[in-house]
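**Q** heads up, no residue letters with this:
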Ligand code: MG
């Protein structure tokens, strides 16, 4: 009886499993398994039909951001692994016909990558030439004869420059009158290619490692497919997952080289689905508006969005005569851009599990993926309309009401972008110390890991001149200012750390380019000691070498000690005056609340950091400060009503003991 029940339960389970409908992602892969390559899938074009523009409107300008076309990958170890293991198996007569044909294909992939890492393939050039031709034929009114100017800029990476050349060469061939201006350089990096973020990478890797543990991998099918004696083959293969992952990697790069056979066929479909998931979820969590990381990621697209808007506005205002602005960059800033804009589908805000089922990776982000904003105007109206083409498909911006079909009022789009990200930033007060100790290195690290804008800490000077991090002047009965460093250092914080030094804090600051150190210089007993503290703090700002940045971008990596990356605050008017004199360009915010922004500005001090009640009593100081180019910080704002009040007054920073609460309130949607 028990056996019958078990069988019945198993049959029901099988039925339920069979009835489980495919997720949109699985359906999309079943349409063409090569899409499992995700961001190394070559561009797919399907003919599109344009929604007619409202009566009287004509296209006059195009803003285009395109990712480079099909390229080789960073090949080597993984292709070699497949080739070498299969060669060993062949020597022992262990390969099936399928194993033999995989060996040939993996060896070819390895050869094709020899000395060609990350280079545009001929297919990649063709993708851009075809994109240019379709753009020209689709919007002839933009490229009509006569002196028309076009500007193209590219990331400094060779595959992007070659993509730009492929695109513009075809346009020039179609319209020899076009006056083209092509450029690449470090200064464009910030807006074309900015996107990497060490905080996000760490959070994403952890989430993916947890997710990976939930996946069931089918190893047996692979052994049976490729080897005549699976048990003997297992002795050759040190790790079945690594081996399959390397096969998946070979398969992902066959498209860019126009290899007709689909190499995914060597792996069970379910495994391909899971390798694909692990690949695209990393991009989704790092670059898109995900529930896990959206608030941290989105501000990094600000410069690109601002640049595209100001380029378009210059053309609209007639300041420049231009047919188009073309940008050639990478997948990560592209995803950040379309998610910032809030375009349909790609910018859906998902959990990791929801994204795994619903977000269509290679539909949104194949090689040569692109966004085109097509601008329209009419002689009878001042309204400028815009439509969004994502990978040449008309795409909606669901948060806005279209003027007509998929045509949006440009002013509505700009207003939407202007309010997309809270203007107010969060500073952790004495670090993000919850579960830790105030003013500890661990609390600073936690602020960095939480992706905060800044982390504040208090600096005293010991009698023998060492800056240390502690809030009160006294540790128990020990007066820091009249004690030597050794006596101070002997004390421990609540979490067991020794009282940290400024040097240790600045070393931690250098580990993140996102979270600014906010140095509070504590008033000292004499003016001379205050001057010494200022001097010691400035000495501590030694440039730190950029970390974890590809060599091609190293020159542009922001240094953790440069003026825009450090904030000084103090209750001492004298200290602020000294900092303003000795550290021009750095932000210096005065804390005491008794001087107006105009009074401080006259002395060269460029910020205020006042108690929120002072700002409630003098709300006009926010505008006064902003009009003078000064920044406004407020302390220590922990209650929801106060956080909302300060946000609504438009302060630049909120210093708080409750960073998570502040983030929730500032990003209220
Ligand atoms: Mg403080």
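**A** Happy to help now that I have it. Computed from a predicted structure; not experimentally measured. Numbers count the residues shown, from 1 in each chain.
**Q** for the stretch 351-500 of the chain, what spans make up the strands?
**A** Applying DSSP state E, counting those that start in this stretch to the stretch 351-500 of the chain gives strands spanning 370-378, 381-390, 393-395, 408-409, 425-428, 454-461, 467-469, 474-475, 478-479.
**Q** What pLDDT does the model give residue 16?
**A** Looking at residue 16, its pLDDT stands at 48.
**Q** correction: residue 659
**A** pLDDT at residue 659 comes out at 96.
**Q** Equivalent analysis for residue 165, please.
**A** Reading off the model, residue 165 has pLDDT 98.
**Q** That one: neighbouring residues, count only.
**A** 18 (other CB atoms under 10 Å). Where C-beta positions appear, they are placed from N, C-alpha and C, glycine not excepted.
**Q** If whichever residue of the stretch 351-500 of the chain sits closest to the ion is in a bridge, with which residues?
**A** Per CB to the ion, residue 458 is where the stretch 351-500 of the chain lies closest to the ion, at 4.4 Å. On the basis of DSSP bridges, residue 458 is bridged to residue 520.
**Q** Could you list the buried residues of stretch 315-330?
**A** 315-316, 322-330 (16 or more other CB atoms under 10 Å).
**Q** can you list the residues of the chain near the ion?
**A** 458, 520 (CB under 5 Å from the ion).
**Q** hmm, 8 Å instead?
**A** Contacts of the chain with the ion, taken as CB under 8 Å from the ion, map to 429-430, 456-458, 471, 520, 569, 635.
**Q** Quick check on those residues: which are buried?
**A** Counted by 16+ other CB under 10 Å, those give 429-430, 456-458, 520, 569, 635 as buried.
**Q** Mean pLDDT for the strands of the stretch 351-500 of the chain - can I get that in CSV?
**A** Converted to CSV, the strands of the stretch 351-500 of the chain look like this (pLDDT from 0 to 100):
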stretch, mean pLDDT
strand 370-378, 98
strand 381-390, 97
strand 393-395, 97
strand 408-409, 98
strand 425-428, 97
strand 454-461, 98
strand 467-469, 98
strand 474-475, 96
strand 478-479, 97
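**Q** and the closest residue to the ion within the stretch 1-150 of the chain, what element?
**A** Across the stretch 1-150 of the chain, no residue is closer to the ion than residue 65, which sits at 42.2 Å (CB to the ion). Per DSSP states H and E, residue 65 falls inside strand 58-67.
**Q** For that strand, which strands pair with it and how are they oriented?
**A** strand 324-329 (parallel), strand 370-378 (antiparallel).
**Q** Mind putting those strands into CSV with distance to residue 656?
**A** Formatted as CSV, the strands paired with strand 58-67 follow (distance: least, CB to CB, whole Å):
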stretch, distance to residue 656
strand 324-329, 35
strand 370-378, 36
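**Q** So which of those strands is nearest residue 390?
**A** With CB to CB, the closest approach to residue 390 among those belongs to strand 370-378: 5.6 Å.
**Q** Next, the angle strand 381-390 makes with the closest one.
**A** 160 degrees (axes from the mean of the first three to the mean of the last three CA atoms, to 10 degrees).
**Q** Give me the contact list for strand 370-378.
**A** The set of residues external to strand 370-378 that reach it, using CB atoms under 8 Å, 6 or more residues apart in numbering, is 53-54, 56-67, 131, 135, 139, 142, 308, 312, 315-316, 334, 337-338, 341, 343, 384-392, 407, 410.
**Q** For that strand, buried residues please.
**A** Buried, per 16+ other CB under 10 Å, within strand 370-378: 370-377.
**Q** tell me the pLDDT at the closest residue to residue 438 other than its chain neighbours?
**A** Closest residue in space to residue 438, ignoring its immediate chain neighbours: residue 430 at 4.0 Å, by CB to CB, 6 or more residues apart in numbering. In the predicted model, residue 430 carries a pLDDT score of 98.
**Q** ok, now residue 10?
**A** 48.
**Q** need the buried residues of stretch 315-330 in CSV with pLDDT and distance to residue 251, can you?
**A** Shown next, in CSV, are these (pLDDT from 0 to 100; distance: CB to CB, whole Å):
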residue, pLDDT, distance to residue 251
315, 96, 44
316, 97, 46
322, 93, 42
323, 95, 40
324, 97, 36
325, 97, 36
326, 97, 32
327, 96, 30
328, 96, 27
329, 94, 26
330, 93, 22
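**Q** residues touching residue 220, list them.
**A** Residue 220 sits next to residue 230 when contact means CB under 8 Å, 6+ apart.
**Q** Show me what residue of the stretch 101-250 of the chain gets nearest to the ion.
**A** For the stretch 101-250 of the chain, CB to the ion, closest residue to the ion: residue 199, 23.2 Å.
**Q** do you know how far that residue is from residue 295?
**A** 11 Å (CB to CB, to the nearest Å).
**Q** Residue 391 too?
**A** From residue 391 to residue 295 the distance is 27 Å (CB to CB).
**Q** Do a quick rundown of the strands in the stretch 501-650 of the chain.
**A** Using DSSP E, counting those that start in this stretch, strands in the stretch 501-650 of the chain cover 516-521, 567-570, 587-590, 607-611, 631-635.
**Q** Comparing the ones you listed, which comes out most buried?
**A** strand 587-590 (a mean of 28; mean count of other CB atoms under 10 Å).
**Q** low pLDDT regions in this protein?
**A** 1-19, 75, 147, 190-191, 193-197, 542-560, 669 (pLDDT under 70).
**Q** at 80 instead, please
**A** For the chain, the stretches with pLDDT under 80 are 1-20, 75-76, 114, 145-147, 186-187, 189-199, 511-514, 542-562, 669.
**Q** and stretch 51-68, how far from the chain's centre?
**A** 27 Å (CA atoms, centre = their mean, to the nearest Å).
**Q** Which positions within it qualify as buried?
**A** Buried, per 16+ other CB under 10 Å, within stretch 51-68: 53, 57, 59-68.
**Q** distance between the ends of that stretch?
**A** 28 Å (CA to CA, to the nearest Å).
**Q** switch to numbering from 408
**A** Taking 408 as the first residue, the last one we looked at is stretch 458-475.
**Q** For the nearest residue to residue 787 once chain neighbours are set aside, give me its contacts.
**A** Once flanking residues are discounted, residue 787 sits nearest to residue 463: 5.3 Å by CB to CB, 6+ apart. Contact partners of residue 463, counting by CB under 8 Å, 6+ apart, are 785-788.
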